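Participant: Any chance you can model this:
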Amino acid sequence: MRMLHLHSSFSAGGKELRAARLMNAFGTKVEHTVVSAQPGAYGAAVVIDPSLSVRYPETFPDLQGTPTPGRLWRIARALRGHDLILTYNWGAMDAVLAHALYRRVLRLPPLVHHEDGFNEDEAGGLKASRNWFRRVALRGASALVVPSKRLEGIALEAWHQPRGRVKVIPNGIDCAAYVDKPRPDVLPGIAKQPGEKWLGTLAGLRPVKNLPRLVRAFAALPEDWRLVILGEGPERAAIMAQARESGVAARVHLPGFVAEPSHAVGLFDLFALSSDSEQFPISVVEAMAAGLAVASPAVGDVAGMVSAENRGHITAPGDEAALAVALRELALDPELRLRIGIANRAHAQAYYDENTMISAYRSVYGQAVGGLAAI
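Facilitator: Next up, the predicted model:
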């Protein structure tokens, strides 16, 4: 079984790490070819089982550029020789269009597209031109997989997808791996000291995550609190500049990307997001599985993801003052954090376990290639 993965980026973000976990779950009976639209962006490769057969070709046609017939033809020809094509997000949409245009003449394999959300260029609203492009390109897809109810609505209404093509598969994790507390020194360059409390988040350091907002909201917390942001990306300098401006640079730490979040999230005492746009963030599920309370804007499905006990601390999108209030209330009340954390862990274990997610993906991919036994 040969799978071709075409990513907008294969950096170590939520959708990329999920794809890597699925590759590991499918095992050695599947061979993988992984292409990133961003050259060299292959950070998620570190979590792929080294026993798997995985290629990262350097000669695959560029996934981004003007969608001329000649360029789309070259992409379509490169899709041959596989059993299933998996495309991810807007950055791979030219390949989806190439497949739609030439799938019959070239007898191309089936394609399953995944949409996990939007970058800053669509965080404030969908672009009409992209909506039209998706409608045309997705007509040849066997399935469109989305992780959230909000994205399901967009797919049905804005992209005019038939209901039978759209598959909602919530992100899942190995919840059991988050139960045990990690060592205090598990993160590079920082160790949790006695008496310290950590406000933590996992996020790519990108503008859409709006981490300077989280720094400003954190600044009002007591001196024994630290802000620990796990992730990498181009916004590192902007985040630290905001920390200096807010007078908390000594209490803000960016240890970098962590390949195994279950080894680190348990160090947090409270979890937060500050994003302008999300859909079904895996990091929230990871925090819940670790028994943490969550403060976040109500972006994507976040308000519906957390337990009922936690929903009062999910604030209006863009309301920085409300996020700061939610953080401070949780930071100053350890009993409240504990009560919410217990409820969140039970909710994650009941609804977001990895085995359920993997089974759903096996079903969608198997149906695309004509039988579950193939995967």
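
Participant: what comes up buried for stretch 151-167?
Facilitator: Of the residues in stretch 151-167, 151-152, 154-156, 159, 161, 165-167 count as buried by neighbour count, 16 or more other CB atoms under 10 Å. Where C-beta positions appear, they are placed from N, C-alpha and C, glycine not excepted.

Participant: got the domain boundaries for the protein?
Facilitator: The domain map for the chain lists 2-172+354-374, 175-351, with the assignment taken from automatic domain parsing.

Participant: centre of the chain versus the longest one, how much separation?
Facilitator: Going by CA atoms, centre = their mean, to the nearest Å, the spacing between the C-alpha centre of domain 2-172+354-374 and its chain's C-alpha centre is 14 Å.

Participant: Over to stretch 168-176?
Facilitator: Between the mean C-alpha location of stretch 168-176 and the chain-wide mean there is a distance of 12 Å, by CA atoms, centre = their mean.

Participant: Quick one: mean pLDDT for that stretch?
Facilitator: Averaging pLDDT along stretch 168-176 gives 92.

Participant: Between the two ends of it, how far is it?
Facilitator: Stretch 168-176 has an end-to-end distance of 23 Å (criterion: CA to CA, to the nearest Å).

Participant: List the contacts of it.
Facilitator: For stretch 168-176, contacts defined as CB atoms under 8 Å, 6 or more residues apart in numbering pick out 14, 18, 145-149, 151-152, 262, 280-282, 285-286, 289, 345, 348-349, 351-358, 360-361, 364.

Participant: So Ala98, which state does it fall into?
Facilitator: Classification of Ala98 by DSSP: H, G, I helix; E, B strand; the rest coil places it in helix.

Participant: What is the burial count for it?
Facilitator: Counted with other CB atoms under 10 Å, the neighbours of Ala98 add up to 28.

Participant: just checking, it touches Leu72?
Facilitator: Yes - taking CB atoms under 8 Å as the contact criterion, Ala98 and Leu72 are neighbours in contact, 4.2 Å apart.

Participant: Pull out the buried positions in stretch 17-26.
Facilitator: Of the residues in stretch 17-26, 17-23, 25-26 count as buried by neighbour count, 16+ other CB under 10 Å.

Participant: Dump those into CSV; add secondary structure and distance to Pro317 as well.
Facilitator: Rendered in CSV, the data for those read as follows (DSSP: H, G, I helix; E, B strand; the rest coil; distance: CB to CB, whole Å):
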residue, secondary structure, distance to Pro317
Leu17, helix, 25
Arg18, helix, 24
Ala19, helix, 27
Ala20, helix, 30
Arg21, helix, 29
Leu22, helix, 30
Met23, helix, 33
Ala25, helix, 34
Phe26, helix, 36
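
Participant: Out of these, flag the one nearest to Val369.
Facilitator: Phe26 (12.3 Å; CB to CB).

Participant: list the contacts for the closest residue to Ala219 other than its chain neighbours?
Facilitator: Once its chain neighbours are removed from consideration, Ala219 has its nearest residue in Ser246; the separation is 4.2 Å (CB to CB, 6 or more residues apart in numbering). Residues touching Ser246, when contacts are defined by CB under 8 Å, 6+ apart, comprise 215-216, 219.

Participant: who wins for most neighbours among the residues you listed?
Facilitator: Across those, neighbour numbers were computed from other CB under 10 Å; Val215 holds the maximum, 25 neighbours.

Participant: For Leu227, see how far away the closest residue to that one other than its chain neighbours is.
Facilitator: With CB to CB, 6+ apart as the criterion, Val215 has its nearest non-adjacent residue at 4.5 Å, and that residue is Gln242. If you measure Gln242 against Leu227 using CB to CB, to the nearest Å, the figure is 11 Å.

Participant: burial count for Lys209?
Facilitator: Other residues within reach of Lys209, judged by other CB under 10 Å, total 25.

Participant: surely it meets Ala203?
Facilitator: Yes - counting by CB under 8 Å, a contact exists between Lys209 and Ala203, whose distance comes to 4.4 Å.

Participant: need the helices for the stretch 151-300 of the chain, in chain order.
Facilitator: With DSSP state H, counting those that start in this stretch applied, the stretch 151-300 of the chain shows helices at 211-218, 236-245, 282-289, listed in chain order.

Participant: closest one to Met3 among those helices?
Facilitator: Minimum separation from Met3 across the helices of the stretch 151-300 of the chain (CB to CB) falls at helix 282-289, 20.9 Å.

Participant: Next, the buried residues of the helix or strand encompassing Ala326.
Facilitator: Assigning secondary structure by DSSP states H and E places Ala326 in helix 320-331. Of all the residues in helix 320-331, those buried under the rule 16+ other CB under 10 Å are 322-328, 330-331.

Participant: Contacts for that helix, please.
Facilitator: With contact meaning CB under 8 Å, 6+ apart, helix 320-331 is reached by 197, 199, 213-214, 216-218, 220-222, 225, 270, 272, 274, 293, 295-297, 313-316, 336-337, 340.

Participant: please redo it, this time with the cut-off set to 6 Å
Facilitator: Defining contact as CB atoms under 6 Å, 6 or more residues apart in numbering, one finds that helix 320-331 is touched by 213, 217, 220-221, 270, 293, 295, 313, 315-316, 337.

Participant: Closest to Leu108 out of those?
Facilitator: When the contacts of helix 320-331 are compared for distance to Leu108 (CB to CB), Arg213 comes out closest, at 43.5 Å.

Participant: isn't that closest one right up against Ser274?
Facilitator: Yes - assessed by CB atoms under 6 Å, Arg213 is found in contact with Ser274 at 4.3 Å.
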